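Novice: Attaching a predicted model along with its sequence, questions to come.
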Amino acid sequence: MLNKSIRRVSMLILFTAAAMAACLFSISTGAVMVPLRDIVNSILQYDLSGMHRDIIWNIRLPRTLVAMVVGANLAVSGALLQGVMRNPLADPHIIGVSSGAGLFGIFLLVVVPQYDYLLTPAAFVGATLAAFIIYLLAWKDGVSPLRIVLAGVAVSAFLGAGISAMLTFYSDRVHGALIFMVGGLAAKSWPDLAIILPYSIIGLGLAMMFSKQMNIMMLGDVNARNLGTRVELSRLLITATATLLAASAVSIAGLLGFVGLVIPHIAKLLVGSDYRMLIPSSALLGAAVLTFCDTLARIMFSPIELPVGIIMGAIGAPFFLYLLRRKRA
Amino acid sequence: MNRLETDRLSLKYSDRIIIQHLNIAFEAGAVYSIIGPNGCGKSTLLKALARQLKPAAGQVLLDGKAMSSLSGKQVARQLSYMAQTQEQIEVTVKELVGYGRTPHQPYWNRVSAKDREIADWALEATGLTTYGDRLLHTLSGGERQRAWIAMALAQQPELLLLDEPTTYLDIAHQLEILELVRELNQQFKMTVIMVLHDMNHASVYSDYILAMRSGEIEGFGSPTEVLTPDLLGRVFGVKAHIEAAPEHGKPICRITGLIQK
């Protein structure tokens, strides 16, 4: 019993350290290398003058923080959805968050680009609207996870057709839309952080609150109901929380895949399936991995900056396969 | 007073009516078995009794109170239901049994010493004390079944509802589960209602048998009253020879063939 608590706390400390390391890596690395001492100084003493201070405060620190929050949001959203849909392939795509945000975002970027400053709220509205429609379509005296998954596939295909149609009609403007579709954090700064942070704090707080309930939901509807749970209400609230987290993330960073699907699996391989551990672990690992990959995306082909979505897929997927095989062996 | 009863209970899946206007009462302290052919509505009835299925009409009463007027937690403190098939989940036996305490815990509270004590008792009662740290999916079928029963016991229910608890088990493990059920009934005064396929098991291990066909009650009473060649012919469409076993005097059925239509 005691052993287990010690193991759990040390895992969380380890993940926190990983997130911090990714954070420092991100702030120090780039076209200009900033030594660790200057980072510490400029963060602790705001009035330190000089170029390093400007780079850190105006460019790298806000972008790093946005990466951490986006990573944490997507990972926790995925962890919640995989549990509540009882489907290891579930991620924010499944409740239409990506296709909804995609449709509204692409519409704005290619059809009415003069309003592109509205991208974030439009994508957020699209994401939540799509999730709401899918939930509604799946409802029939309650919602079964399978029906949500199927309704999600259908609605996403429908919205995807809309996205493709727009990209075809306005093929000259596709480039601007491409980064949004792959997902990237270029030029993200304090205003973006200010937008996402409230959703993130509320969403992550709710996710922690629901973690005990998630453990019960994992036993399946019948057993959860047998233990006194209001299964439909729990599923609705948890799905809504996951939607809030994912919608705020994709409306800032575009349709980043992978984080929401794979980070929860990595967390589960490392800490097991108790959601009281899985939620904070997913949040920390999501923050660490996205921040790390975003830094690589900035420097790998410098001066060209890749969208982080490409790096996530290219590095994350093989790493995930490696973990999966190692665990089996 | 009747622990659990139904009042003109009607049940349906989508538009298919399974059971119509059923009245039946289960008394405290006895073991009941429900038998009947596939699709007769026995599992459906059990689900409704366990509050897993909403009645289309009529109601289920728990101690005379409409179950629909009680909260999920209130019911869960008195009644536990175990489905026929269970989910594949990655938890240790100890964790699983711990979840059984949920209806007795306020949401924010940590696991109390009492919760732990009761979970330990549930493990001991099911003979799983040494299996606490094993992962559920690494257990054998019989052990896994006992782990789920242990979770139900941690709920400290007065009513235990089991849907075919012996399916997929070999004969020794089947009897092990049924012996456990008998012990829970005799030692802890639990009322047990279970769906069984094997009428001889029903005969030996229950005080009362409820025989169903097409959503209706064909017989309800002691094994000797219910298990007759006539009833087995009507319910299952089989010819049966019945005699009292010399070991315990309970009726034992020997099926000799199908009744030709």
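Specialist: Looks like it arrived, so ask away. Remember, it's a predicted structure, so these values are computed and weren't measured experimentally. Numbers count the residues shown, from 1 in each chain, chains lettered A, B, ... in the order given.
Novice: On the three-state scheme, A:Val34 is what?
Specialist: coil (DSSP: H, G, I helix; E, B strand; the rest coil).
Novice: list the contacts for it?
Specialist: A:27-28, A:52, A:55-56, A:60 (CB atoms under 8 Å, 6 or more residues apart in numbering or on different chains). C-betas here are computed from N, CA, C, even on glycine.
Novice: Would you mark the buried spots in stretch A:232-250?
Specialist: Within stretch A:232-250, the residues that count as buried by 16 or more other CB atoms under 10 Å in any protein chain shown are A:234-250.
Novice: ugh, wrong one, I meant stretch A:196-208
Specialist: Under 16+ other CB under 10 Å, the buried positions of stretch A:196-208 are A:196, A:199-200, A:203-204, A:206-207.
Novice: any idea of the mean pLDDT in stretch A:201-216?
Specialist: Per-residue pLDDT values across stretch A:201-216 average out to 95.
Novice: how far away is the residue of the stretch 151-300 of chain A found nearest chain B from A:Arg53?
Specialist: Across the stretch 151-300 of chain A, no residue is closer to chain B than A:Gly228, which sits at 3.4 Å (CB to the nearest CB). As judged by CB to CB, to the nearest Å, A:Gly228 and A:Arg53 stand 56 Å apart.
Novice: go on, A:Lys188?
Specialist: From A:Lys188 to A:Arg53 the distance is 19 Å (CB to CB).
Novice: what's the answer for B:Gln186, then?
Specialist: Separation of B:Gln186 from A:Arg53 (CB to CB): 78 Å.
Novice: what about these two, which has more around it?
Specialist: Between B:Gln186 and A:Arg53, A:Arg53 has the larger neighbour count (other CB atoms under 10 Å in any protein chain shown), namely 19 against 11.
Novice: and that one, what helix or strand is that in?
Specialist: Here A:Arg53 sits within helix A:51-54, counting by DSSP states H and E.
Novice: Mind giving me the packing neighbours of the next helix or strand after that helix?
Specialist: Going down the chain from helix A:51-54, the next helix or strand is helix A:61-84, by DSSP H and E. Helices and strands touching helix A:61-84, by 3 or more CB pairs under 8 Å, 6 or more residues apart in numbering or on different chains; DSSP states H and E, are helix A:2-28, helix A:190-209, helix A:211-217, helix A:231-253, helix A:259-271, helix A:275-299.
Novice: Of the buried residues of stretch A:232-250, which are in range of chain B?
Specialist: Contacts with chain B within the buried residues of stretch A:232-250, counted by CB under 8 Å from any CB of the partner chain: none were found.
Novice: Could I get the contacting residues of A:Ala67?
Specialist: Residues near A:Ala67 by CB under 8 Å, 6+ apart: A:26, A:185, A:188, A:287, A:290-291, A:294, A:308.
Novice: can you pull the buried residues of the longest helix anywhere in chain B?
Specialist: When chain B is parsed with DSSP state H, its longest helix is helix B:171-188. Buried positions in helix B:171-188, judged by neighbour count with 16+ other CB under 10 Å: B:173-174, B:176-178, B:180-181, B:184-185.
Novice: Over to stretch B:106-122?
Specialist: B:115, B:118-119, B:121-122.
Novice: hmm, who's touching it?
Specialist: Contact partners of stretch B:106-122, identified using CB under 8 Å, 6+ apart, comprise A:212-213, B:94, B:97-98, B:100-101, B:104-105, B:129, B:150-151, B:153-154, B:156.
Novice: got the end-to-end distance for that stretch?
Specialist: Terminal residues of stretch B:106-122 lie 20 Å apart, using CA to CA, to the nearest Å.
Novice: With stretch B:127-147 instead?
Specialist: When the termini of stretch B:127-147 are compared using CA to CA, they are 9 Å apart.
Novice: close to chain A, is that stretch?
Specialist: No. Stretch B:127-147 stays clear of chain A (CB under 8 Å from any CB), getting no nearer than 9.5 Å.
Novice: what angle do the one helix or strand in chain A whose mean pLDDT sits lowest and helix A:275-299 make?
Specialist: The least trusted helix or strand in chain A, going by mean pLDDT, DSSP states H and E, turns out to be helix A:317-328, with a mean of 75. Taking axes from the mean of the first three to the mean of the last three CA atoms, to 10 degrees, one finds helix A:317-328 and helix A:275-299 inclined to each other by 140 degrees.
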